[in-house]
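Novice: Coordinates for the following, if possible.
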Amino acid sequence: MNLDQPNHFNNRELSWLSFNERVLQEADDELNPLLEQLKFTAIFSSNLDEFFMIRVAGLKDQVKAGYNKPDNKSWLTPKEQLEKIADKTRTLVTKQDRLFNEILLPRMERENISLRFVNQLSPKQKTALKHYFHDNVVPVLTPLAIDSSRPFPLLRNKSLNLAVTLKSENYSASMRLILVQVPSLLQRFIPIQDETAEHFVLLEDLISVFIGDLFPESAIYSVTPFRITRNADLTIHEEGARDLLLAIEKELQQRKRGAAVRIEFQTGRTDENVRRFLIDVLELHPEDEYWLKGPLDYTFLFSLYDQLKDRCPHLTFDSLIPQPPLDLKEDTDIFQLLKKKDVFLHHPYESFEPVVDLLNKAAHDPQVMAIKQTLYRVSGQSPIIASLIQAAKNGKQVTVLLELKARFDEEQNIHWAKELEQAGVHVIYGFNGLKTHSKITLIIRYENDKTQQYVHLGTGNYNDSTAKLYTDISLLTASPSFGSDAVQFFNFLSGYGEKPAWQNIAVAPSELRDTFCEQIDSEIDFHRQFGNGRIIAKMNSLTDKPLILKIYEASCEGVKIDLIVRGICCLRPGIPGVSDNISVRSIVDRFLEHSRIFYFHNNGNPSVFLSSADWMTRNMDKRIEILFPVHSSHVKKRVVQVLYAGLKDNVKARIQQADGSYHYPRQTGSQHKFQSQLKLFEDVLQEPEDN
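Specialist: Purely as a prediction, here's the structure:
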């Protein structure tokens, strides 16, 4: 049978939109508290911005270049993909807009929280806002006239703007066009003085109402809000860049003025002449227009959430405070503990602080000789960075591979690279053409007249902020074989030497796909012998065609395969004779599912792996990734517990159908509701059941 047929795959971009639709479902879920619904609304918009800046922009570049080759799975050309993306996106944006205006706003009103228009307010409130406008807004406004001597300015990516048309008796009868950028550094929503309720007006409405004060000799004919999204992908030609850091700094400036790929307008507030002018000057097309009845750019709801969460705690999720890790309940020195057993950490259910504390302890421990670490994304006030700097100041040898090409974190990582280098840290930037996405730390300590290696390996970033929001798993170990692999890994990265012979780990780009295929082939062989083949895999996204075809092959042989894929999934389950032994589910809940776990039954002696890599082509071929096995029996049990919790979820899981659509699991009246994230938090001590 030829498994490589277009109807056996979901298109990558449309699958991503299906994921974002699941995010929007959380905004529409009345079981979620109101402020959480608003936050999911903002997440949907933020996700869509990035999608247009990277994925849609890339497809548009292909069309401009005359590239008509179909993608290798769904066989859609770039132009066909753009057409389907536009249709699906309009449906989703309309749904989001209707949700906010017809459901969430009325719910806010019932909680005495509301968005008001300036013209709806009392004279006293209007007067107060006018003073606020002149005192706080006018000084930072920069009206830009557009005429033959003043060309159209470069408007920043994702900025909210007002196109103002004026008619003045002192000039010709024709209209004048003025552009006013809504200042992004000012709070988007402005509180209205009211002792009984939380009322706000939006900054763009305030400017629109009082903008005439800046042009006392002119009449305001129209005010058109609009928002532009630009191509924000970086194009780094590393082989020609002598200094990667400088090359990326230069390219970041280009990101701000990339080609426009989308423009958003507001229904009922758009001057048709202005609309046509903007479309023309930005070299856009009608299919690039998106219209909303409500406010443009719903990401302002992030700030509204932060403003109200402490004052309205009943409108947010109950706090789930990360607990002390189960494996660290013993009151003992971490280095002594690791000599006795491996330590399992499951964030955010268990605290990330032990990782932070370990780095801090190592920085001050006189027996620690060296610290080596990979960094992809870190927080803005990173205690990890602080410990590395302190370690260098304390005379330890500190080596950091800092990935400058981590998308949308480039600027911050450049800052940290300079800070680390100034402190005496050896900073390396990895391989040309490859992103270093691995999550590994090596601590070398001198004990009993010899060196001892301590290793941390994980599925998530060394970011203390996102560790409270993302579900990730990590392992702390003093295993000599892991220590040897870690030493060779960092020497491989810093010295560009030949690929070592690993004892435990497998490393992309040369080994991961082959390792996974070998494990799948092994499971097929076991199934042929014993009839009990089983694979469970959890990841963020699944796009790699060779791995999808290999999974189809296993399904055709009868191996039972359960996939937990949060986001993009190009594999289609349930196709008769192709994937009818495969199930795919996506869990979208309060925490972002981020851990990557791979389970192979092996006739009752399971092999379990953790990784920094998804089953995506970019992870297999274009990144430095690590796949590592779980050896300790107690760690393996807890990892398997995470998988089975995901498979039992019937509250926040969605099941993919054979046509690529997703639906909630069917629930019977007597079926117990199982929400995996809450269950894992409530009972981290629960032993996995026999399955």
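
Novice: For the rest of this, base every contact and every neighbour count on C-alpha atoms.
Specialist: Fine.

Novice: Can you pull the poorly scored residue ranges out of the chain?
Specialist: 168-174, 234-257, 406-409, 496-497, 668-669, 684-691 (pLDDT under 70).

Novice: By residue count, which strand of it is the longest?
Specialist: strand 218-230 (DSSP state E).

Novice: Pull the CA coordinates from it and hand them back as CSV.
Specialist: The C-alpha coordinates for strand 218-230 follow below in CSV (Å, rounded to 0.1, in the frame of the first residue of the first chain):
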residue,chain,number,x,y,z
SER,A,218,-9.3,72.1,10.9
ALA,A,219,-12.3,69.9,11.0
ILE,A,220,-11.9,66.2,11.6
TYR,A,221,-13.5,64.4,8.7
SER,A,222,-12.7,60.8,9.7
VAL,A,223,-10.5,58.8,12.1
THR,A,224,-9.7,55.3,10.8
PRO,A,225,-8.0,52.8,13.3
PHE,A,226,-5.8,50.3,11.6
ARG,A,227,-3.0,47.8,12.5
ILE,A,228,-0.3,46.3,10.3
THR,A,229,1.5,43.0,10.7
ARG,A,230,4.9,42.7,9.0
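
Novice: Break down the stretch 501-650 of the chain into its strands, ranges please.
Specialist: When assigned using DSSP state E, counting those that start in this stretch, the strands of the stretch 501-650 of the chain occupy the ranges 506-508, 534-539, 560-565, 582-587, 592-593, 597-600, 607-611, 623-629.

Novice: Minimum distance to Ile440: which of those has it?
Specialist: Taking CA to CA, strand 623-629 is the member of the strands of the stretch 501-650 of the chain nearest to Ile440, at 8.5 Å.

Novice: Run through the helices of the stretch 1-150 of the chain in chain order.
Specialist: 12-27, 34-51, 57-64, 78-98, 105-110, 123-132 (DSSP state H, counting those that start in this stretch).

Novice: okay if I get those helices as a markdown table plus mean neighbour count and distance to Leu643?
Specialist: Below are those laid out as a markdown table (neighbours: other CA atoms under 10 Å; distance: least, CA to CA, whole Å):
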| stretch | mean neighbour count | distance to Leu643 |
| --- | --- | --- |
| helix 12-27 | 22 | 20 |
| helix 34-51 | 22 | 25 |
| helix 57-64 | 18 | 35 |
| helix 78-98 | 17 | 31 |
| helix 105-110 | 15 | 36 |
| helix 123-132 | 14 | 54 |
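
Novice: Can I get those helices in TSV including distance to Tyr644?
Specialist: TSV is the format used below for the helices of the stretch 1-150 of the chain (distance: least, CA to CA, whole Å):
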stretch	distance to Tyr644
helix 12-27	21
helix 34-51	26
helix 57-64	38
helix 78-98	32
helix 105-110	36
helix 123-132	55
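
Novice: Figure out which of those is closest to Ser208.
Specialist: Evaluated over the helices of the stretch 1-150 of the chain, closeness to Ser208 peaks at helix 123-132, with 11.6 Å, by CA to CA.

Novice: List the neighbours of that closest one that are in contact with it.
Specialist: Residues from elsewhere that reach helix 123-132 (CA atoms under 8 Å, 6 or more residues apart in numbering): Val118, Asn119, Ile192, Gln193, Leu206, Phe210.

Novice: Over to stretch 615-623?
Specialist: Applying CA under 8 Å, 6+ apart, the contact partners of stretch 615-623 are 433-437, 508-510, 512-513, 539, 541-545, 547, 613, 625.

Novice: Compare the helices of the stretch 1-150 of the chain and give me the one nearest Ile334.
Specialist: Between Ile334 and the helices of the stretch 1-150 of the chain, the shortest separation by CA to CA is 37.7 Å, and it involves helix 34-51.

Novice: Please name every helix or strand in contact with the closest one.
Specialist: Contacts defined by 3 or more CA pairs under 8 Å, 6 or more residues apart in numbering; DSSP states H and E place helix 34-51 against helix 12-27, helix 300-308.

Novice: how big is the angle separating that helix from strand 218-230?
Specialist: Going by axes from the mean of the first three to the mean of the last three CA atoms, to 10 degrees, helix 34-51 is angled at 70 degrees with respect to strand 218-230.

Novice: about what we covered before: need the residues that contact the longest strand of the chain.
Specialist: Strand 218-230 is contacted by residues 49, 52-53, 57, 155-169, 204, 208, 212, 255-266, 269-271, 274, 296-297 when judged by CA under 8 Å, 6+ apart.

Novice: which one of the helices of the stretch 1-150 of the chain lies closest to Asp649?
Specialist: For the helices of the stretch 1-150 of the chain, the distance to Asp649 is smallest for helix 12-27, at 15.2 Å, taking CA to CA.

Novice: for the closest one, packing partners?
Specialist: helix 34-51, helix 78-98.

Novice: can you put those in a markdown table and add distance to Lys329?
Specialist: Rendered in a markdown table, the data for these read as follows (distance: least, CA to CA, whole Å):
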| stretch | distance to Lys329 |
| --- | --- |
| helix 34-51 | 33 |
| helix 78-98 | 45 |
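
Novice: between the ones you listed, which one is nearest to Gly567?
Specialist: With CA to CA as the criterion, Gly567 lies closest to helix 34-51 of the helices and strands packed on helix 12-27, at 11.6 Å.

Novice: what number of residues lie near the closest residue to Lys550 other than its chain neighbours?
Specialist: Among residues not flanking Lys550 along the chain, Cys517 sits closest, at 6.8 Å (CA to CA, 6 or more residues apart in numbering). A count of nearby residues for Cys517, using other CA atoms under 10 Å, gives 15.

Novice: Surely Cys517 and Leu547 touch.
Specialist: Yes - the pair Cys517 / Leu547 is scored as a contact, 7.0 Å apart, by CA atoms under 8 Å.

Novice: any residues touching the helix or strand that contains His456, and which ones?
Specialist: Using DSSP states H and E, His456 falls within strand 450-458. Contacts with strand 450-458, where a contact means CA under 8 Å, 6+ apart, come from 335, 338, 439-446, 472-480, 482-484, 486, 610-612.
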